[in-house]
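>>> The sequence and its predicted three-dimensional model are supplied below.
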Amino acid sequence: MEASRILSAKEWAVLTYGSVRLGDQRRTERAVMLASNLARQPEASLPAQMGTPAATKAVYRFLQSASVSYERLMRPHLQQTKDLMQEQRRVLLIQDTTEVDLSRHPKTSGLSQVGKKANQQGYLLQTVLAVEPSSKHVVGIAAQEAFLRQPAPKGETSHQRGKRKDKESLVWQRQVESIGPAPQGCEYIHVGDRGSDMFAFLRACQKQGCGFLVRVQHDRRVDLQVDQAEAAVPAAARRHGKQRSAKAEPVRHLFEEVRSWPQMGQHTLELDGNQKRKQREARLSISWGTLRLWPPDGEAGKEERPMVVTIVRTWEPEPPEGVEALEWLLITSVEVENEAHAWERVEWYRMRWIVEDYHQCLKTGCLIEERQLQTFEGLHRLLGFLAPLAVRLLQLRSLARQEPERPAQQILPPDVVKVVAHLARVSADQLSTQRCWRCIAQAGGYLGRKGDGEPGWKTLWKGWLYIQTLLEGVALASQLSLE
């Protein structure tokens, strides 16, 4: 990862939008200019980012132009992500849905209901982030779709809802299909929370030749005994084999079966804190095994066959007093041969929170819910700028955690290191990369107390903007002194 491509707003804008095709080179130049201004001040309003009334008016016209579309704006970023994915040995494709709530802007047209209240208006956003698992580096957006919620007809039954071709859950499969199979020498693994525990989603991953790892939500039927020879045969070959009868073997349910497995290992994990729980250590047990997973009853009569999967269960036998015990049941198509593999699958699932961080970046770092445009179409086009920008904020965090002991002068711009060294009251050659970034984060509100962990993207980004403001002041003072 080249630091300049992330830290320099202009370089990032040219790299991300310099090749966008909008029918006119002037529109491409406008896109680069807008992206550069957004990157300099992600939290500011469009008028503040543009600087003048004329420039602001031109941007609003640009965002309402029929020649500009979200798809065209995103194409270069998606292609860059795809190219980088193909260079990796393994990529986690972490997917999740979020609600973009625009209720504070009731005059915006073309929105749909989000949340539970009728007056909550906005749209839904499905994002698939490509993440390199060993470094946890966010490669980019592999697929993304903004869509409007379709109200269910009155009196619709659950059976009728399951047959609808416009049901929201199909977006998970569409993302898998839009990304497609991995190239030779690379492995794609789709990762999701309980909302992705859908047989059709798992099957879609298999059809693309991709792996999956999702958290269990449904207590499905499973076979107690699995023919290991069958498990070793590719799915395409099994499809043409002899159909096993569900009555030929005892069938139980997943939760009861998996929770009866004995402990096969223990490990202490550091659990990150959030709004619901404090950061803490947890002593977890683990077990794993292979089962045949049966499709839902409504799909059993189709060509759907049972699926051979591995279940990894990790749980907390003795939680602290007053704390709810942690338990994760994970379904995966990726083989688990030993305890190290099992814990690795748990770590992959823990990386799922990166996509939640990404959506938080969009909302609090880029203020996507505060944007005041008159139509959903305009907001959708603006998403074509804010979506890659939120990735940039996460990549800044990854950059801050790379090569912590390396001298900062070898990675960061010299003028940045000089300013930070002055604030830290040390010489520039004494600053390591880690210490330099911690000083930058402290300018953004990071306290650095024992147990705080490494700085997050919010404090890093706020600190970085503060340092950039100081650098602009230094440059202006130099020009004034020359005059």
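Received the coordinates, thanks. This one's a predicted model, so the numbers in the text were calculated from it and none came from an experiment.

>>> for V191, helix, strand, or coil?
Classification of V191 by DSSP: H, G, I helix; E, B strand; the rest coil places it in strand.

>>> Spit out the contact partners of it.
With contact set as Cβ atoms under 8 Å, 6 or more residues apart in numbering, V191 has these partners: L92, L93, I94, Q95, F212, L213, V214, W348, Y349, M351, R352. Glycine gets a C-beta too; all of them are placed from N, C-alpha and C.

>>> okay but the first one is in contact with V131, surely?
This points to L92. Yes: counting by Cβ atoms under 8 Å, V131 is a contact partner of L92 at 4.6 Å.

>>> which residues do those two both contact?
In contact with both L92 and V131: M351, using Cβ under 8 Å, 6+ apart.

>>> The helix or strand hosting V419 packs against which elements?
For V419, the host element (DSSP states H and E) is helix 414-424. Secondary-structure packing of helix 414-424 (3 or more Cβ pairs under 8 Å, 6 or more residues apart in numbering; DSSP states H and E): helix 433-443, helix 457-482.

>>> which of these sits most buried?
Counting by mean count of other Cβ atoms under 10 Å, helix 433-443 has the highest mean neighbour count of the helices and strands packed on helix 414-424, with a mean of 22.

>>> Let me see the ranges of the helices in the stretch 51-200 of the chain.
All helices of the stretch 51-200 of the chain, identified by DSSP state H, counting those that start in this stretch, fall at 53-63, 70-85, 158-163, 170-179, 199-207.

>>> who touches V419 in this structure?
I467, L470, L471, V474.

>>> Can you show me the strands along the stretch 301-450 of the chain?
Using DSSP state E, counting those that start in this stretch, the strands of the stretch 301-450 of the chain run over 307-315, 327-332.

>>> Point out the most buried one among those.
Note that of these, strand 307-315 is the most buried (mean count of other Cβ under 10 Å), with a mean of 22.

>>> Average pLDDT for that strand, rounded please.
On average, the pLDDT along strand 307-315 is 95.

>>> who does that strand pair up with?
strand 280-293 (antiparallel), strand 327-332 (antiparallel) (DSSP bridges).

>>> Report the contact partners of the residue nearest to Q80 when sequence neighbours are not counted.
Closest residue to Q80 apart from its sequence neighbours, by Cβ to Cβ, 6 or more residues apart in numbering: G140 at 6.3 Å. By Cβ under 8 Å, 6+ apart, the residues touching G140 are H77, L78, Q80, T81, L84, L129, A130, P388, V391.

>>> Quick check: which ranges of the protein have low pLDDT?
Low-confidence segments of the chain (pLDDT under 70): 1-2, 152-166, 224-251, 273-277, 298-304, 451, 481-483.

>>> before we move on, back to that, for S135, find the nearest of the helices of the stretch 51-200 of the chain.
In this view, the helices of the stretch 51-200 of the chain are compared for proximity to S135 by Cβ to Cβ, and helix 70-85 is the closest at 12.5 Å.

>>> and that closest one, what other elements does it pack with?
Applying 3+ Cβ pairs under 8 Å, 6+ apart, we find helix 70-85 packed against helix 9-17, strand 121-132, strand 137-147, helix 376-400.

>>> Can you mark which positions in stretch 172-188 are buried?
Within stretch 172-188, the residues that qualify as buried are W172, Q173, Q175, V176, I179, A182, Y188, counting by 16 or more other Cβ atoms under 10 Å.

>>> Contacts for that stretch next, please.
85-86, 88-91, 93, 95, 126, 128, 142-143, 145, 190, 192, 195-196, 198, 200-201, 204-205, 208-211.

>>> Report the buried members of the residues you listed.
Buried subset of the contacts of stretch 172-188 (neighbour count, 16+ other Cβ under 10 Å): 85, 88, 90-91, 93, 95, 126, 128, 142-143, 190, 192, 195-196, 198, 201, 204-205, 208, 210-211.

>>> residue ranges for the helices of the stretch 201-350 of the chain, please.
228-232, 235-239, 254-258, 297-300, 339-350.

>>> Can you measure across stretch 186-195, start residue to end residue?
Between the opening and closing residues of stretch 186-195 lies a distance of 26 Å (Cα to Cα, to the nearest Å).

>>> what's the spacing between the residue nearest to L330 when sequence neighbours are not counted and D223?
Among residues not flanking L330 along the chain, V312 sits closest, at 4.5 Å (Cβ to Cβ, 6+ apart). According to Cβ to Cβ, to the nearest Å, V312 stands 18 Å off from D223.

>>> again, but for A182
Distance of A182 to D223, given as Cβ to Cβ: 29 Å.

>>> Please apply the same query to Y60.
Distance check for Y60 against D223: by Cβ to Cβ, it reads 60 Å.

>>> Next: M33.
With distances taken as Cβ to Cβ, M33 is found 60 Å from D223.

>>> what about these two, which has more around it?
The neighbour comparison of M33 against D223 (other Cβ atoms under 10 Å) goes to D223, with 21 against 18.

>>> what pairs with that one across the strands?
Beta-bridge partners, per DSSP bridges, of D223: V251, R292.

>>> repeat for V131
Listed beta-bridge partners, V131: L92, V138 (assigned using DSSP bridges).

>>> and stretch 349-367, which residues are buried?
349, 351-352, 354-355, 357-366.

>>> Need the max-distance pair from the residues you listed.
Checked with Cβ to Cβ, those reach their widest spread between Y349 and C366, with 26.7 Å between them.

>>> what's the closest of the buried residues of stretch 349-367 to A54?
The nearest one, if we look at the buried residues of stretch 349-367 relative to A54 and count by Cβ to Cβ, is C366, at 23.8 Å.

>>> isn't the closest one right next to P388, touching?
No: if you go by Cβ under 8 Å, C366 and P388 don't touch, sitting 10.2 Å apart.

>>> ok, now how distant is I286 from A421?
46 Å.

>>> again, but for T56
Going from T56 to A421 by Cβ to Cβ gives 38 Å.

>>> what about the two, which has more around it?
More neighbours surround A421 than the other of T56 and A421, with 20 against 16 (other Cβ under 10 Å).

>>> tell me the contacts of the closest residue to that one other than its chain neighbours?
Nearest non-adjacent residue to A421, counting by Cβ to Cβ, 6+ apart: A428, 4.2 Å away. A428 makes contact with A408, Q409, P414, V417, K418, A421 under the criterion Cβ under 8 Å, 6+ apart.

>>> What is the burial count for the fifth one?
Think K418. 16.

>>> out of everything not next to it in sequence, what's closest to it?
Closest residue to K418 apart from its sequence neighbours, by Cβ to Cβ, 6+ apart: A428 at 5.5 Å.

>>> What separation do you get for the one you found and Q88?
35 Å.

>>> Can you tell me how far K10 is from L476?
18 Å.

>>> meant to ask about C436
Counting by Cβ to Cβ, the separation of C436 from L476 is 24 Å.

>>> can you check R220 too?
From R220 across to L476, the span is 65 Å (Cβ to Cβ).

>>> try I189
Taking Cβ to Cβ, one finds I189 at 50 Å from L476.

>>> can you check R75 too?
Counting by Cβ to Cβ - R75 and L476 are separated by 38 Å.

>>> Please apply the same query to R215.
Relative to L476, R215 is positioned 52 Å away (Cβ to Cβ).

>>> One more: A118?
51 Å.

>>> what do you get for S196?
Distance from S196 to L476, by Cβ to Cβ: 51 Å.
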